[in-house]
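[1] structure, please.
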Amino acid sequence: MLRNWSLVFLGFLATWLVTCRAEADIKEDKSENNQESEEGYFSTLDYILIAAVGLAGAYYLFFRDKEEKLPEYEIKPMVARQESVSERGFIAKMRKNKRRLVVFYGSQTGTAEEFAGRLAKEGARYGLKGLVADPEEEEMDQLEQLKEYEEEIGEPCLAVFMMATYGEGDPPDNAMDFNEKLQEGSINFDGIKYSVFGLGNKTYEHFNAMGKYVDKRLIELGGKRIHELGIGDDDANLEDDFITWKEAFWLSVCKELNIEASSEEFNTRQFDFKILEDGDYNPEKVYTGEVARLRSYITQRPPFDVKNPYMSPIKINRNIHKEGSGRHCMHIEVDIEGSRIRYDAGDHVAVYPTNNVDLVEKIGKLLNLDMEAVFTMNNLDEDSSKRHPFPCPTTYRTALLHYVDIVAIPRTHILQELARYTENNEEKSKLELMSGTTPEGKALYQSWIVEDVRHLAHILEDLPSCKPPIDHLFELLPRLQPRFYSIASSAKVHPTSIHICGVVVEYETPTGRVNKGVATTWLKEKVPEEDDLPKVPVYVRRSQFRLPNRPQTPVIMIGPGTGLAPFRGFIQERAWQKEQGKPVGPTLLYFGCRNKSHDYIYQEELEAWQEDGLLDLRVAFSRDQAEKRYVTHLLRESGEYVWQLLEQGGHLYVCGDAKMMAKDVRNIIVEICKTHGSMTDADSDAFVKKLETQK
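    Alright, predicted model coming up:
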């Protein structure tokens, strides 16, 4: 077929050449007609062209047999690529080394990922070589192949899910697709053995929502739970919750799979460390703080996200607390013009911070480090999707500044490893006791580490014989995570900038030390000069914290302190809608702070909106009178009006102290429903639950 079409094409080509030549001859100057009639019709060039066409035709006719197979050849790479995708999946990785345990993690801050790694490592003690897997990077449909793989190797397998909950009961970024598959029921879990550990904070409404949902949904899809759902509470002691669950989990695994723990020591190290000398590396390929792609902070290209943040110039950075506050509250405006970043009121902006320089230098001196030394760390597990603990190669200084969280409260497994590098017996015993599970050890960990807020530098100072190698610390310490702030602006009003509102964190610990917040302390110093705008790495994370679709729907907002931030964006948007001639419903804000003269943030804006008739503003100043007065007092006092707005379909929003205020607000709303709505206890509770599902 190819040969026939080629000949047809060549025939048309020859005809076209002759026709073009004839048309060109007709257009020749008439004065040359006599000469033209005496000469031959074709020139030498014409004969050469026609001969070339003929030779090409002969070539296609007699010598292209092998090329006729080209279509068949083109199909083969497609099949090969499909196979390679399968080979990159977690089932292929398990098959390669006969692994029987896969631990998935849904993590927003890195803790679930850390727990997944620890559990997978411990599997070796029970003869279960584990694999840690990121749902975002895996084909989760392959879970259906786990039973088939079990039959293939003749031994049972196990899938474990470490699931954190984010925001309004949402899945973490890397588990969104997996969550959708669970909701659709597109994965058949029939007979698959599994267990789930959830990570959350009980002060929030949707405590451990993702962990609970995954555990429940896997049962509905046919899974076989081999150990009860673990509930981790970061408001209490998440580490203790995990250890307690983990110990019971392994007992259940041993019983279900008929295995037992080995008494032999096993290697917990995950990465191979190497110092690079001059000539071993290209200086231009050494990471200097980038999140993922080398030089991405210099050569910027959209789209910008968690792995590719935008270097946003800070246009404004001022303290909006007044003199006498004793605190520093930042109003920051970052420029996103030309970045293609879009946001809505209620979204979050993530900022990648840098650790405190003085603290980094202190750790370097305590461990006697050459801070400019270049090194790399490579995963010992060839099948792991995580080749390095963070971007490598890099320097000690860069790693301590940008890649590891040096002020995180160390978990017990870190203390256990630190004990190995502690020479003094008393200091060593102290670390070993705190890393154990005895009541005495747990109590000491709670008081000496948690309550005294000791981080790595404090431990190295207080236990001078503890000298861990820096490469092991890099492996143990959690990755430095971005900090999320509720966006304090509306894109309808400020399409080219994002506003941030945050109080600088600084406090004295029981040991007399002063601890400082990583991000807020770093941002505080990023003050723009006339010709010098400091830049910070940012990206936007979408939220379900949204204004109602209809502008006329009433909104009730409760946001003391910096909890006002997202509501400033909401009010800006309602003001814009009013300017556009849209009917805007009642907009009620309850705001509170300590003193009107010290920390009443955005006072002028709020009062201007109130004077314009847009905003119904209720303010409480807790320390301006003898008796403390909070927004909850205002809410209770205006219960009848609140009920009227709720009856009209009003949306209720709370942002601020989740530990105390959110619970108090809920209780007051329940009271309002019973008092002003004449509801029963059951009906009022159901009504409030319905309010909580509004997004």
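[2] residue 616 belongs to a helix?
    No - in this structure, residue 616 is strand, not part of a helix, as judged by DSSP: H, G, I helix; E, B strand; the rest coil.
[3] where's the closest residue to it other than its chain neighbours relative to residue 615, distance?
    In space, and not counting its chain neighbours, residue 616 is closest to residue 588: 4.5 Å by C-beta to C-beta, 6 or more residues apart in numbering. Where C-beta positions appear, they are placed from N, C-alpha and C, glycine not excepted. Residue 588 sits 8 Å away from residue 615, going by C-beta to C-beta, to the nearest Å.
[4] with residue 582 instead?
    Separation of residue 582 from residue 615 (C-beta to C-beta): 16 Å.
[5] between the two, who's got more neighbours?
    Between residue 582 and residue 615, residue 615 has the larger neighbour count (other C-beta atoms under 10 Å), namely 22 against 12.
[6] list the single closest residue to that one in space, sequence neighbours excluded.
    Using C-beta to C-beta, 6+ apart and skipping residues adjacent in sequence, the residue nearest residue 615 is residue 609, 3.9 Å away.
[7] let's see the helix or strand containing that neighbour as PDB, backbone CA atoms only.
    Using DSSP states H and E, residue 609 sits in helix 603-611. Provided in PDB are the C-alpha atoms of helix 603-611 (Å, rounded to 0.1, in the frame of the first residue of the first chain):
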ATOM      1  CA  GLN A 603      -8.900  49.000  62.600                       C
ATOM      2  CA  GLU A 604      -9.200  51.800  60.000                       C
ATOM      3  CA  GLU A 605     -10.300  49.300  57.300                       C
ATOM      4  CA  LEU A 606     -12.900  47.600  59.500                       C
ATOM      5  CA  GLU A 607     -14.400  50.800  60.700                       C
ATOM      6  CA  ALA A 608     -14.500  52.200  57.200                       C
ATOM      7  CA  TRP A 609     -16.500  49.200  56.000                       C
ATOM      8  CA  GLN A 610     -18.800  49.600  59.000                       C
ATOM      9  CA  GLU A 611     -19.400  53.200  58.200                       C
END
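[8] need the nearest residue in space to residue 326, chain neighbours excluded.
    residue 598 (7.9 Å).
[9] what residues does the one you found make contact with?
    321, 322, 323, 324, 325, 326 (C-beta atoms under 8 Å, 6 or more residues apart in numbering).
[10] highest neighbour count among the residues you listed?
    Going by other C-beta under 10 Å, residue 321 tops those with 21 neighbours.
[11] give me the nearest residue to that residue, chain neighbours excluded.
    Counting by C-beta to C-beta, 6+ apart, the residue nearest residue 321 is residue 329, at 4.4 Å.
[12] check residue 333 too.
    Nearest residue to residue 333 in three dimensions, chain neighbours excluded: residue 316, at 4.1 Å (C-beta to C-beta, 6+ apart).
[13] how about the strand or helix carrying the one you found: buried residues?
    Using DSSP H and E, residue 316 sits within strand 310-319. Across strand 310-319, burial judged by 16 or more other C-beta atoms under 10 Å covers 310, 311, 312, 313, 314, 316, 317.
[14] and for the residue nearest to residue 599 when sequence neighbours are not counted, the neighbour number?
    In space, and not counting its chain neighbours, residue 599 is closest to residue 593: 4.5 Å by C-beta to C-beta, 6+ apart. As a burial measure, residue 593 scores 24 neighbours (other C-beta under 10 Å).
[15] distance check, residue 593 against residue 548.
    27 Å.
[16] show me the strands in the stretch 501-650 of the chain, by range?
    Taking DSSP state E, counting those that start in this stretch as the criterion, the stretch 501-650 of the chain carries its strands at 506-508, 514-516, 535-541, 555-558, 587-593, 615-621.
[17] I misspoke; the intended subject was the stretch 51-200 of the chain.
    101-106, 130-133, 158-164, 193-200.
[18] mean pLDDT lowest where, among those strands?
    Out of the strands of the stretch 51-200 of the chain, strand 130-133 stands lowest, with a mean of 94 (criterion: mean pLDDT).
[19] that one packs against which elements?
    Using 3 or more C-beta pairs under 8 Å, 6 or more residues apart in numbering; DSSP states H and E as the contact test, the elements touching strand 130-133 are helix 90-96, strand 101-106, helix 111-122.
[20] show me how far the last one is from its chain's centre.
    When you say that, I think you mean helix 111-122. Relative to its parent chain, helix 111-122 has a centroid offset of 17 Å by C-alpha atoms, centre = their mean, to the nearest Å.
[21] helices or strands up against it?
    strand 101-106, strand 130-133, strand 158-164, strand 193-200, helix 238-257.
[22] ok, now the second one?
    Other helices and strands packing on strand 101-106, by 3+ C-beta pairs under 8 Å, 6+ apart, are helix 111-122, strand 130-133, strand 158-164.
[23] repeat that for 10 Å
    helix 90-96, helix 111-122, strand 130-133, strand 158-164, helix 176-184, strand 193-200, helix 209-220 (3 or more C-beta pairs under 10 Å, 6 or more residues apart in numbering; DSSP states H and E).
[24] report the angle between that strand and strand 193-200.
    Orientation note: strand 101-106 sits at an angle of 30 degrees relative to strand 193-200 (axes from the mean of the first three to the mean of the last three C-alpha atoms, to 10 degrees).
[25] note down every partner strand of strand 101-106 and its orientation.
    For strand 101-106, sheet partners with direction are given as strand 130-133 (parallel), strand 158-164 (parallel), following DSSP bridges.
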